[in-house]
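Novice: okay, predicted coordinates and the sequence, questions at the end:
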Amino acid sequence: MSKGLLSFFSIFIALLMGALYYTDIIQSPFISVLNSIKSNYRTATEFIQSKIDRHLFQARHIAQLEDRLQQYENNHLVMRQLSSEINDLFALSHSTLKTDPNVELVRTISYQKFGDLNRVWLEINDYNSSRVYGLTHNELVAGIVISQNGRPLGLLNSDTKSSYAVYVGKESAPGIVHGNNSNHLIVKFIPAWFSIEDGDEVVTSGLDEIFFKGLKVGTVISVTKSQGYQTAVVEPFYKANNPNYFYMIKKVR
């Protein structure tokens, strides 16, 4: 290449760079194109990163669920084995007692009435309308199931007609708990000779054959005495914020 031609290209490139740097009319379309390329590149990289993060999160979540399911299956097998051995011991001692609990996952259809958050219609297979069943959520007592015109109606803890037998405190003081359409539960008919204190835990007694013994209900926040009995106000563990699914205890033993 001749020196003249090289000088020409050098001067041309210098003038072009200067025009791009100092002239808005020429500079604007180049910047627009570059910004568009940058924007598309950023969108693409964020999309890819989001997909990668989502895939990794799902993979971790699936792995956690698989581990948890394996643990539940293991616990279920252990409990079935213990149940079998207990029934064998009953048979050896010629006892008529046996243990064969039955729990079913049930789904909420809707609230019974608009504005009443304490009553829900439930979808239950093979429903026996002559019985009262216990409802649990995450191993906490949530309420009971009764028959309303032959259909299963869930009465959550706060409902005034939701009632079942409980033990209160370290001495396992017997009582009957029910709702009062508020954030607290009421345990009545606790014998006066039992020592009940604030903070005592309330659990199911199992004596009503609605719940297993020892399921958590709540903690005592106040106690009053009247006519030979004590009444405890209880802060429940279960909060009915999202009542979509429950476990229903179909058979205690």
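Specialist: Received the coordinates, thanks. Residues are numbered from 1 along each chain as shown.
Novice: where do the domain boundaries of this protein fall?
Specialist: Domain ranges of the chain: 3-54, 101-253, per automatic domain parsing.
Novice: most packed of those?
Specialist: For the domains of the chain, the largest average neighbour count (mean count of other C-beta atoms under 10 Å) is found in domain 101-253, namely a mean of 17. Every residue, glycine included, has its C-beta placed from N, CA and C.
Novice: doesn't S222 make contact with E235?
Specialist: No. Shown here, E235 and S222 do not form a contact pair, counting by C-beta atoms under 8 Å, at 9.8 Å.
Novice: in terms of mean pLDDT, which of the domains of the chain ranks lowest?
Specialist: When the domains of the chain are compared by mean pLDDT, domain 3-54 comes last with a mean of 60.
Novice: where does F114 land in three-state SS?
Specialist: Look at F114: counting by DSSP: H, G, I helix; E, B strand; the rest coil, its state is coil.
Novice: other SSEs contacting the helix or strand encompassing V103?
Specialist: In the assignment (DSSP states H and E), V103 maps to strand 102-111. Applying 3 or more C-beta pairs under 8 Å, 6 or more residues apart in numbering; DSSP states H and E, we find strand 102-111 packed against strand 119-123, strand 245-251.
Novice: ok, then the element right after the first one?
Specialist: Scanning forward in sequence from strand 119-123 by DSSP H and E, the next helix or strand is strand 133-137.
Novice: adjacent strands (with direction) for the strand holding V103?
Specialist: strand 119-123 (antiparallel), strand 245-251 (antiparallel) (DSSP bridges).
Novice: need the ones you listed in a markdown table with distance to D198, can you?
Specialist: Shown next, in a markdown table, are the strands paired with strand 102-111 (distance: least, C-beta to C-beta, whole Å):
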| stretch | distance to D198 |
| --- | --- |
| strand 119-123 | 30 |
| strand 245-251 | 29 |
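Novice: which among those strands is found nearest to T231?
Specialist: Closest approach to T231 among the strands paired with strand 102-111 is made by strand 119-123 (24.5 Å; C-beta to C-beta).
Novice: picking up where we left off before, nearest to G169, of the helices and strands packed on strand 102-111?
Specialist: Of all these, strand 245-251 sits nearest to G169, with 23.7 Å by C-beta to C-beta.
Novice: strand 133-137 and the closest one, what's the angle between them?
Specialist: Counting by axes from the mean of the first three to the mean of the last three C-alpha atoms, to 10 degrees, strand 245-251 lies at 140 degrees to strand 133-137.
Novice: quick one: the helices in the chain, in order.
Specialist: 3-22, 24-92 (DSSP state H).
Novice: picking up where we left off before, can you say which of the strands paired with strand 102-111 is nearest to L135?
Specialist: strand 245-251 (4.6 Å).
Novice: what about stretch 166-177, start to end distance?
Specialist: Its start and end residues considered, stretch 166-177 measures 7 Å (C-alpha to C-alpha, to the nearest Å).
Novice: switch to numbering from 34
Specialist: Yep, numbering from 34; the last one is stretch 199-210 now.
Novice: run through who's touching that stretch.
Specialist: Residues from elsewhere that reach stretch 199-210 (C-beta atoms under 8 Å, 6 or more residues apart in numbering): 196-198, 218-224, 227-230, 233-238, 240, 250, 253, 263, 265, 267.
Novice: and stretch 275-286, by the same measure?
Specialist: 130-141, 153, 155, 157, 166-170, 175, 178, 187, 189, 239, 242-245.
Novice: again, only using 6 Å
Specialist: With contact meaning C-beta atoms under 6 Å, 6 or more residues apart in numbering, stretch 275-286 is reached by 132, 134-141, 153, 166-170, 175, 242.
Novice: before we move on, what about stretch 161-169?
Specialist: By C-beta under 6 Å, 6+ apart, stretch 161-169 touches 175-180, 183, 187, 243-244, 279-282.
Novice: could you work out the most separated pair of these?
Specialist: Of all pairs in the contacts of stretch 161-169, the most separated under C-beta to C-beta is G183 and F244 at 23.5 Å.
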